[in-house]
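Participant: Fold the stuff below for me.
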Amino acid sequence: MSHANRHEADGQAWQVMVPATSANLGCAFDCGGLALRLYLKATYLPSENDGLTLEYHGRTAERLPLDDSNLVLLSFRHVSAHFGVAASSGHIQIESEIPVGIGLGSSAASVTAGLLLGARCCGEDVPAQQILRWAEEIEGHIDNAAAAYYGGLVFALCNNTDRVITLKTDFPENIKLVVVTPFITVPTHEARRVLPKSYKRGDVLHTLQRTALLAATCFSGKFDLFPELFDDRLHQPYRQQLVPGIAQCLAFRHDGLLGIAISGSGSSVIAMVRANEAQIAECLQEIFAKEGVQAETLITSADNQGSVVTLAEALKSIGDRR
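Facilitator: Predicted coordinates for the structure are as follows:
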């Protein structure tokens with residue numbers, strides 16, 4: 001994580017890069033996330049005009065509000081309110097490769113970007129625990145936020161505690177990540193609504209065993225992954241019903257496939273692959289096609305760096321540009 005020393009923020013331009021994330025990873029429901037090499041970049045440019053303005057360029061722009069409900073703006077102002085100062089006047093430019101509403105952590109990336117920019121513009125070095133605590137309060141997904149902040153594979157604990165506890169390990173870049181995204185969005189509230197209010201003990205034990213093994217093999221550095229390790233009984237059996245083809249994707253097996261899961265709450269699925277990634281991507285896309293669902297594929301790898309904040313010295317203020 002790149003942090004500068006305390007600065008007097010007035011007149012400075014700041015830029016933050018935040019990776020996309022895939023949370024849950026099958027069995028690690030609401031406790032694990034993985035950062036991907038797909039990024040949101042947000043740049044704050046100071047201005048003498050009052051207030052904050054915003055522009056967005058990138059994927060699924062039609063799904064992004066540009067008013068005060070925008071998560072980058074909301075999070076930026078959250079930091080200012082915490083320190084009891086007026087939010088800096090200026091302009092925020094957002095460029096994002098992360099589609100909205102398909103399970104790749106676009107909300108967590110936006111919140112993290114806004115919090116980090118807000119801290120810089122307040123001239124404060126805010127500890128990681130505080131940034132993540134704010135992210136949990138604003139957006140509610142500590143698994144996404146922790147992976148977006150730290151990069152790599154992160155397990156996190158936060159719910160109703162006074163502190164955030166996280167543990168990160170780098171994820172091998174030679175394990176390719178195949179993301180297949182149907183042209184169907186699944187709102188998080190809908191993905192939550194379909195979950196049962198209680199579970200059978202056997203289903204909880206089934207998932208806990210796999211979560212423990214997933215964490216143990218990854219943090220030991222072995223990464224001995226196999227498809228059955230990602231077999232979850234707490235959320236995937238219910239969420240797979242929301243998009244035709246997901247159930248068949250989760251049951252898919254192929255040489256080189258280490259595991260496959262719903263990414264976040266969907267609608268994307270993510271496959272971890274040692275070999276044959278292009279063929280696996282094509283097969284998964286065909287599964288959706290057979291169900292009458294169009295889908296696009298992306299082959300990437302893990303981001304192990306996490307969020308990076310830099311002083312954008314080469315950028316000019318809005319006033320100068322005009």
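Participant: Going by C-alpha atoms from here, please, whenever you check contacts or count neighbours.
Facilitator: Will do.
Participant: Quick one: the strands in this protein, in order.
Facilitator: 14-23, 32-46, 52-58, 90-96, 153-157, 165-169, 176-182, 257-262, 269-273, 295-300, 308-311 (DSSP state E).
Participant: Switch the ones you listed over to CSV; also include mean neighbour count.
Facilitator: Formatted as CSV, the strands of the chain follow (neighbours: other Cα atoms under 10 Å):
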stretch, mean neighbour count
strand 14-23, 29
strand 32-46, 26
strand 52-58, 16
strand 90-96, 20
strand 153-157, 24
strand 165-169, 17
strand 176-182, 24
strand 257-262, 26
strand 269-273, 27
strand 295-300, 16
strand 308-311, 18
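Participant: can you pull out the helices in the stretch 201-322 of the chain?
Facilitator: 201-219, 236-239, 246-251, 277-290, 318-321 (DSSP state H, counting those that start in this stretch).
Participant: Quick one: closest of those to Ala113.
Facilitator: Closest approach to Ala113 among the helices of the stretch 201-322 of the chain (Cα to Cα): helix 318-321, 19.9 Å.
Participant: mean confidence score for stretch 106-125?
Facilitator: Averaged across stretch 106-125, the pLDDT comes to 94.
Participant: That stretch: which residues count as buried?
Facilitator: 106-124 (16 or more other Cα atoms under 10 Å).
Participant: May I have the residues that are in contact with Ala108?
Facilitator: If you count contacts by Cα atoms under 8 Å, 6 or more residues apart in numbering, Ala108 has them with Ala135, Glu139, His141, Asn144, Ala145, Ala148.
Participant: on that earlier part again, mind checking which of the buried residues of stretch 106-125 land in helices?
Facilitator: 106-121 (DSSP state H).
Participant: re the thing from before, can the helices of the stretch 201-322 of the chain go into TSV with extra columns for mean neighbour count and mean pLDDT?
Facilitator: What follows is these, written out as TSV (neighbours: other Cα atoms under 10 Å; pLDDT from 0 to 100):
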stretch	mean neighbour count	mean pLDDT
helix 201-219	16	98
helix 236-239	20	97
helix 246-251	20	98
helix 277-290	18	98
helix 318-321	11	37
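Participant: As JSON lines, the ones you listed with distance to His57 would be great.
Facilitator: JSON lines is the format used below for the helices of the stretch 201-322 of the chain (distance: least, Cα to Cα, whole Å):
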{"stretch": "helix 201-219", "distance to His57": "36"}
{"stretch": "helix 236-239", "distance to His57": "30"}
{"stretch": "helix 246-251", "distance to His57": "30"}
{"stretch": "helix 277-290", "distance to His57": "27"}
{"stretch": "helix 318-321", "distance to His57": "17"}
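Participant: Of those, which is nearest Cys31?
Facilitator: Taking the helices of the stretch 201-322 of the chain one by one with Cα to Cα, helix 201-219 is closest: 9.3 Å.
Participant: quick one: contacts for the closest residue to Gly51 other than its chain neighbours?
Facilitator: Nearest non-adjacent residue to Gly51, counting by Cα to Cα, 6 or more residues apart in numbering: Ser89, 4.7 Å away. Taking Cα under 8 Å, 6+ apart, we find Ser89 in contact with Pro46, Ser47, Glu48, Asn49, Asp50, Gly51, Leu52.
Participant: Please, a ChimeraX command that selects the buried ones among those residues?
Facilitator: Restricted to buried positions by 16+ other Cα under 10 Å, the ChimeraX selection for the contacts of Ser89 reads:
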select :46,47,52
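Participant: Leu250 touches Ser263, doesn't it?
Facilitator: No. Taking contacts as Cα atoms under 8 Å, Leu250 lies outside contact range of Ser263: 11.2 Å.
Participant: Find me the pLDDT at the residue nearest to Gly51, would you?
Facilitator: For Ser89, pLDDT reads 86.
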